[in-house]
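Peer 1: Model the structure of this input:
(one chain, ligands or ions: 1)
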Amino acid sequence: MKIISVSDKNEMSKKAAQIILELIKEKPNAVLGLATGGTPEGTYKELVVDHQKNETSYCQIHTVNLDEYVGINPEDPNSYHSYMESHFFKYIDLPKDQRFLPDGKNTSVEACAHYDNLIESLGGVDLQLLGIGRNGHIGFNEPGTPLTMGTHVVQLTESTRKANARFFGSLSEVPEQAITMGIGTILKSKKIVLIASGEEKAEAMNRMLHFSVPDDCFPASALVQHPDVTVIADEAALSLIKFSKE
Ligand code: PGA
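Peer 2: Next up, the predicted model:
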């Protein structure tokens, strides 16, 4: 696991965008695994600015997102479909039929298996962008999720629903379930870039970086098994880490 320590969220966003752009330059038809939430917003902004300035093209790119809330329509402003549209997709030249997110309205076992098959049929994810939850979740894989699972439906923990209530009017509006790529799905990505910013992630980062073997009580610990993980975190998120940083 490579750790890149940066001064703040802005630098984190720039660095993550730079790594994504390097991949696109090298492989213009790459498959990008994308994340939602507060952390990646700045990364998408950087990519949009680059697209406008340097005309980096997404016309051959495919994207697959980590997760979606269950029971929510793609048009709902709180859906991750809407998030991706408003933060990224509407600004770039990525064809509509090359963007994929799990379907929050069809969460059957078949639909979950279909999502994993789709990723495989695209040749697998070249780079998966990840955030991390305060409880160590990646995607929406909450503590206790078996680390080998494919795409599946999860019951969101109270702590995750509370953390995400800021995007909704109130806690009661936050869906109770989500459909998420499993950790097994995530670990198949060729490269993983995990971004973290702020003091509220310090505890989770400290725990994640101290695991040497995966432990399903803390899902992000699964990343120790992966050969190509880059963590980009700001000083606040790394404030509890005792060992030397890059
Ligand atoms: P956040 O969420 O970026 O909104 O903090 C990250 C996550 O829960 O994975």
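Peer 1: show me where the protein has helices.
Peer 2: Secondary structure of the chain (DSSP state H): helices located at 9-26, 41-54, 80-87, 109-121, 158-164, 183-187, 202-210.
Peer 1: Can you confirm whether the last one lies near the ligand?
Peer 2: Just to be clear, that refers to helix 202-210. No: residues of helix 202-210 contacting the ligand under C-beta under 6 Å from any ligand atom: none, with a closest distance of 9.3 Å. For the C-beta atoms, the positions are set from N, CA and C on the backbone; glycine is no exception.
Peer 1: ok, now which ones touch residue 133?
Peer 2: 142, 159, 160, 163, 204 (C-beta atoms under 8 Å, 6 or more residues apart in numbering).
Peer 1: Can you select the buried ones among those for me in PyMOL?
Peer 2: To isolate in PyMOL the members of the contacts of residue 133 that are buried, counting by 16 or more other C-beta atoms under 10 Å, one can use:
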select buried, resi 142+160+163+204
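Peer 1: neighbours around residue 176, how many?
Peer 2: Residues near residue 176, counting by other C-beta atoms under 10 Å, number 12.
Peer 1: Surely it and residue 157 touch.
Peer 2: No: the criterion here is C-beta atoms under 8 Å, and residue 176 misses it with residue 157 at 10.0 Å.
Peer 1: What confidence value was assigned to the closest residue to residue 190 other than its chain neighbours?
Peer 2: Leaving aside its chain neighbours, residue 190 sits nearest to residue 126 (5.2 Å; criterion: C-beta to C-beta, 6 or more residues apart in numbering). Here the pLDDT value assigned to residue 126 is 98.
Peer 1: what sits against residue 126?
Peer 2: Contact analysis of residue 126 by C-beta under 8 Å, 6+ apart lists 23, 27, 30, 31, 32, 189, 190, 191.
Peer 1: Extract the C-alpha set from the least confident helix or strand in the chain by mean pLDDT and format it as CSV.
Peer 2: Ranked by mean pLDDT, DSSP states H and E, the weakest helix or strand in the chain is helix 158-164, scoring a mean of 93. Only the C-alpha atoms of helix 158-164 are listed here, as CSV (Å, rounded to 0.1, in the frame of the first residue of the first chain):
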residue,chain,number,x,y,z
GLU,A,158,-27.0,3.8,11.8
SER,A,159,-23.6,5.5,11.7
THR,A,160,-23.5,5.5,7.9
ARG,A,161,-27.1,6.8,7.7
LYS,A,162,-26.3,9.6,10.1
ALA,A,163,-23.1,10.5,8.2
ASN,A,164,-25.1,10.7,5.0
